[in-house]
Structure formats: C-alpha cells, structure tokens
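J.: My questions are about this predicted structure, shown below with the sequence.
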Amino acid sequence: MSDCPKNLGPVLGAGCPAISDACNSAPLVPKTTKEAVVRGAVLLGAAGAGLGLTAVLDFVVGGGATATAATLPVVASAAPKLEALAERFGMTADEIITTAVNNGQKLVDLARGGNINALLARPDGAAGFIRVTLDPTMQRVISAGLMRANSVANGIASGRFLPIP
C-alpha cells in the first residue's frame, strides 16, 4: 500500500504524484531556478534556517559543486548504511550513489544546514525512496537510508525541503 497521497498533481517517478498547492493548484516543485530561489527566500527566510542567503542563492543558482558520483568520498558512518541498502536491493553502493547523484531528484534540506538529499524510487517497487545525503557542496556522501513518500511530500509542503530543478 502506498503512503503517497493521490490526485494531487502530475505523477513523479514510481507512481508518486507531485505535491500541489491545494489553494491555487500550482505545483509546489519549482520549474525554474528563479522560482526555486524566490520560493526558498520567501518560504524559509534562509537566515531563519541558519543559512546565509548568499550561500543558498549561490548554490541554487549554480555556484554549488556538481561532482560526479565516482569521485565522491563517503564518510565512515555512511558506508555501512550504503552497504545495507546495496545488499537489500541487489546493487552496489557505488551504483546507488551514482544513480542518485546523476539521476535522482535532489532536495535541499534547510532544516539540516543545507544538506542535499538525492532520492531514487525504490527498485523493489514499494512506495518511498532510497535517500543518499550529500553535504551542501555535494562533495561527499554523509548518510543514506530510506525515505517515505509522505515525508518528502510533507517536507516540500512545509518548506523544509527545497527541490532543485
């Protein structure tokens, strides 16, 4: 059974609908970098999240690093989490990282210092996502795990997560 609400907008990967603003039927996932910057500044007031506005704008507009997954170091605490996910889904840790970084939906977590969550649909077809968390510069993997679809939806709706277009 899916924990992802239905009839809320266009469908994202793995059958999970995009979240929509019920008041005006506009998708909450910004379609342009400019829209993401404006929403980030308005919804969160970057200073209130402990981030300097220039740092958020610099990252979202393109100043953030975009390393390839093959070059990313993994912190010691994230390695066993990645290995457990790899074993569970019949992949390697490198495949999970590469797929998440290169193809996954990325969300800035403004409640966690601007870390980036790269999300992949679960390969077993269950609702939810594989999460690979990168530092704010996207230069290293700092965590990994599973994330429920409703947690993503609630995080976007509340302004905690800022989707990167």
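T.: Now that the structure is in, tell me what you want to look at.

J.: lowest-confidence helix or strand of the chain?
T.: Taking all helices and strands of the chain together, the one with the lowest average confidence (mean pLDDT, DSSP states H and E) is helix 53-58, at a mean of 44.

J.: low-confidence ranges in the chain?
T.: Low-confidence regions of the chain, defined here as pLDDT under 70, cover residues 1-71.

J.: what about the helices in the chain?
T.: 33-44, 53-58, 79-89, 93-103, 149-158 (DSSP state H).

J.: how far off helix 93-103 does the third one point, in degrees?
T.: Put plainly, it is helix 79-89. What separates the directions of helix 79-89 and helix 93-103 is an angle of 90 degrees, with axes from the mean of the first three to the mean of the last three C-alpha atoms, to 10 degrees.

J.: Contacts for helix 79-89, please.
T.: By C-beta atoms under 8 Å, 6 or more residues apart in numbering, the residues outside helix 79-89 that reach it are 74, 91-93, 95-97, 122-124, 130, 132, 141, 143-146. From N, CA and C alone the C-beta is placed, and that goes for glycine too.

J.: Could you rerun that using 10 Å?
T.: Where contact means C-beta atoms under 10 Å, 6 or more residues apart in numbering, the residues beyond helix 79-89 that reach it are 74, 91-97, 120, 122-124, 130-133, 141, 143-146.

J.: in that helix, what's buried?
T.: Of the residues in helix 79-89, those with enough neighbours to count as buried (16 or more other C-beta atoms under 10 Å) are 81, 82, 85, 86.
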